[in-house]
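A.B. asks: my questions concern the predicted model and sequence given below.
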Amino acid sequence: MITTRTPTLSTAASLLLTHRHRILAARTLSVSVSAAAGSSSIPVKMTARSALDEVTDTGAFDRSPSTFRSSVSRDGRFPAVAGRYHLYVSYACPWASRCLAFLKLKGLDHAIGVTAVKPIFERTKESDEHLGWVFPAAADEEPGAEPDPLNGARSVRELYEIASSNYAGKPTVPVLWDKQLKTVVNNESSEIIRMLNAEFNGIARNPGLDLYPAHLRASIDEANELVYDAINNGVYKCGFAKKQGPYDEAVTRLYEALDRCEEILGKRRYICGDQLTEADIRLFVTLIRFDEVNLTTADQNTKLCIPFELTVCPVSINHRSTPFTSSATRSC
Ligand SMILES: N[C@@H](CCC(=O)N[C@@H](CS)C(=O)NCC(=O)O)C(=O)O
């Protein structure tokens, strides 16, 4: 079994990297990137097979867009019916955890199944070196993770290959899977949460809960823009930066945005006013991981999230009881 102890950087953990660690990480990334590029004269950014490939020649992390963008709706090709869809997640992944939070809050867990992968990347196939999310072979192999109950896939990569035989992009989680058509409906969390919020109300236990209400949309969109770029994706920009400049820039923007959130939440309970919205959940799932790392290595960091208003979201996503791997071995 091969794990990714050396080559992968955690997201929040990367904020804690010492200079020595950063040089080591930069070397590791440059090996994987230049090996994939074949030559240093070829632009580094190419079709990414993993987040480790998503680094430009300036050394900055540059996320590729998600590829499966269909929608579940109350009618249409993917109707919102109970039992048809399945969510594949990693508990280590904040994007997947947004979807889990929506699933629970909307009361849809009876209608949409969930399977979690193992929390650390492994080789996805014997025939090549690709590292990614894999399922355990047995239910007792890894707490919280389960074998794929629908397709018997060994990896998330295999799911994407079932959906599209020539898929050459990143096999990411979350995946909203259609059991009937055996395909990925959507692999973009910002869109999956909107579907869970609005499209399944006919079968949701909490149909009245609207986390993207019309009267707050402008404010939610504005908050999302700040939080996505500087915090949600910002921790990845820190974690996967290959050069000191982009890393420093990302860290500065991250802490400025955290300060801004603290300022807002110092005055009111929720990011967009007096009610819980999508914006709170999108922030929360990143912050909760941030502290998991910072608290254990507090001596390396000047600021913790603890003073931030972490009670914004009453949902219990249960991350702390799931296997959360140490900073050195985190994947994604
Ligand atoms: N834009 C996507 C991003 C999902 C994403 O990047 N997921 C990471 C886990 S945190 C992943 O699966 N990475 C696989 C890889 O890098 O190979 C979303 O929001 O759903």
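C.D. replies: The structure has been received and is ready for your questions.
A.B. asks: so what's the residue most central in space within the chain closest to, chain neighbours aside?
C.D. replies: Residue closest to the mean C-alpha point of the chain, counted by CA atoms, centre = their mean, is residue 95 at 3.0 Å. With CB to CB, 6 or more residues apart in numbering as the criterion, residue 95 has its nearest non-adjacent residue at 4.0 Å, and that residue is residue 189. To be clear about C-beta, it is placed using only N, CA and C from the backbone, and glycine gets the same treatment.
A.B. asks: surely the one you found meets residue 175?
C.D. replies: No - using CB atoms under 8 Å, residue 189 is not in contact with residue 175; the gap is 10.1 Å.
A.B. asks: got a pLDDT number for the residue nearest to residue 95?
C.D. replies: Residue 189 is assigned 98 on the pLDDT scale.
A.B. asks: and it, how many residues sit next to it?
C.D. replies: Residue 189 is flanked by 25 other residues according to other CB atoms under 10 Å.
A.B. asks: next: residue 225.
C.D. replies: The burial count for residue 225: 10, using other CB under 10 Å.
A.B. asks: from here on, call the first residue 479.
C.D. replies: New numbering, starting at 479: the last item is residue 703.
A.B. asks: show me what counts as buried in stretch 718-725.
C.D. replies: 718-721, 724-725 (16 or more other CB atoms under 10 Å).
A.B. asks: packing partners of the longest helix along the chain?
C.D. replies: Assignment by DSSP state H gives helix 722-745 as the longest helix of the chain. When contacts are defined as 3 or more CB pairs under 8 Å, 6 or more residues apart in numbering; DSSP states H and E, helix 722-745 sits against helix 695-705, helix 712-718.
A.B. asks: may I have the shortest one exported as CSV, CA atoms only?
C.D. replies: Once non-C-alpha atoms are left out, helix 712-718 reads as follows in CSV (Å, rounded to 0.1, in the frame of the first residue of the first chain):
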residue,chain,number,x,y,z
GLY,A,712,-6.8,30.3,-0.4
VAL,A,713,-5.6,27.5,1.8
TYR,A,714,-4.9,25.5,-1.4
LYS,A,715,-3.1,28.5,-2.9
CYS,A,716,-0.9,28.4,0.2
GLY,A,717,-0.6,24.6,0.3
PHE,A,718,0.3,24.0,-3.4
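A.B. asks: check which helices and strands that helix is in contact with.
C.D. replies: helix 722-745.
A.B. asks: how far off helix 695-705 does the helix it packs on point, in degrees?
C.D. replies: Here the directions of helix 722-745 and helix 695-705 differ by 140 degrees (axes from the mean of the first three to the mean of the last three CA atoms, to 10 degrees).
A.B. asks: for helix 722-745, buried residues please.
C.D. replies: 724-725, 728-729, 731-733, 735-736, 739, 742-743.
A.B. asks: that older thread, tabulate the buried residues of stretch 718-725 (CSV), appending distance to the ligand and pLDDT.
C.D. replies: Shown next, in CSV, are the buried residues of stretch 718-725 (distance: CB to the nearest ligand atom, whole Å; pLDDT from 0 to 100):
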residue, distance to the ligand, pLDDT
718, 9, 88
719, 15, 91
720, 15, 90
721, 20, 93
724, 18, 94
725, 18, 91
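A.B. asks: of all the residues you listed, which two lie farthest apart?
C.D. replies: Farthest-apart pair in these is 718 and 721; separation 11.0 Å (CB to CB).
A.B. asks: which of the helices and strands packed on helix 722-745 has the lowest mean pLDDT?
C.D. replies: helix 712-718 (a mean of 90).
A.B. asks: following the chain past the lowest-mean-pLDDT helix or strand in the chain, name the next helix or strand.
C.D. replies: The least trusted helix or strand in the chain, going by mean pLDDT, DSSP states H and E, turns out to be helix 497-515, with a mean of 28. Counting by DSSP states H and E, the next helix or strand C-terminal to helix 497-515 is strand 563-567.
A.B. asks: would you mind writing the CA trace of that next one as CSV?
C.D. replies: The C-alpha trace of strand 563-567 is given here as CSV (Å, rounded to 0.1, in the frame of the first residue of the first chain):
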residue,chain,number,x,y,z
TYR,A,563,-28.5,9.7,-6.3
HIS,A,564,-25.4,9.0,-4.2
LEU,A,565,-22.8,11.4,-2.8
TYR,A,566,-19.2,10.2,-2.8
VAL,A,567,-17.1,12.2,-0.3
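A.B. asks: is that strand anywhere near the ligand?
C.D. replies: No - counting by CB under 6 Å from any ligand atom, the ligand is not contacted by strand 563-567; separation bottoms out at 9.4 Å.
A.B. asks: do stretch 694-706 as well
C.D. replies: No - Stretch 694-706 does not reach the ligand (CB under 6 Å from any ligand atom); its nearest approach is 9.1 Å.
A.B. asks: output that stretch as PDB, restricted to C-alpha atoms.
C.D. replies: Output of stretch 694-706 as PDB, limited to C-alpha atoms (Å, rounded to 0.1, in the frame of the first residue of the first chain):
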ATOM      1  CA  LEU A 694     -30.000  37.700   0.800                       C
ATOM      2  CA  ARG A 695     -28.500  36.500  -2.500                       C
ATOM      3  CA  ALA A 696     -26.500  39.600  -3.300                       C
ATOM      4  CA  SER A 697     -25.000  39.600   0.100                       C
ATOM      5  CA  ILE A 698     -24.300  35.800   0.000                       C
ATOM      6  CA  ASP A 699     -22.700  36.100  -3.400                       C
ATOM      7  CA  GLU A 700     -20.500  38.900  -2.200                       C
ATOM      8  CA  ALA A 701     -19.400  37.000   0.900                       C
ATOM      9  CA  ASN A 702     -18.800  33.900  -1.200                       C
ATOM     10  CA  GLU A 703     -16.500  35.800  -3.500                       C
ATOM     11  CA  LEU A 704     -14.300  36.900  -0.600                       C
ATOM     12  CA  VAL A 705     -14.400  33.600   1.200                       C
ATOM     13  CA  TYR A 706     -13.800  31.400  -1.800                       C
END
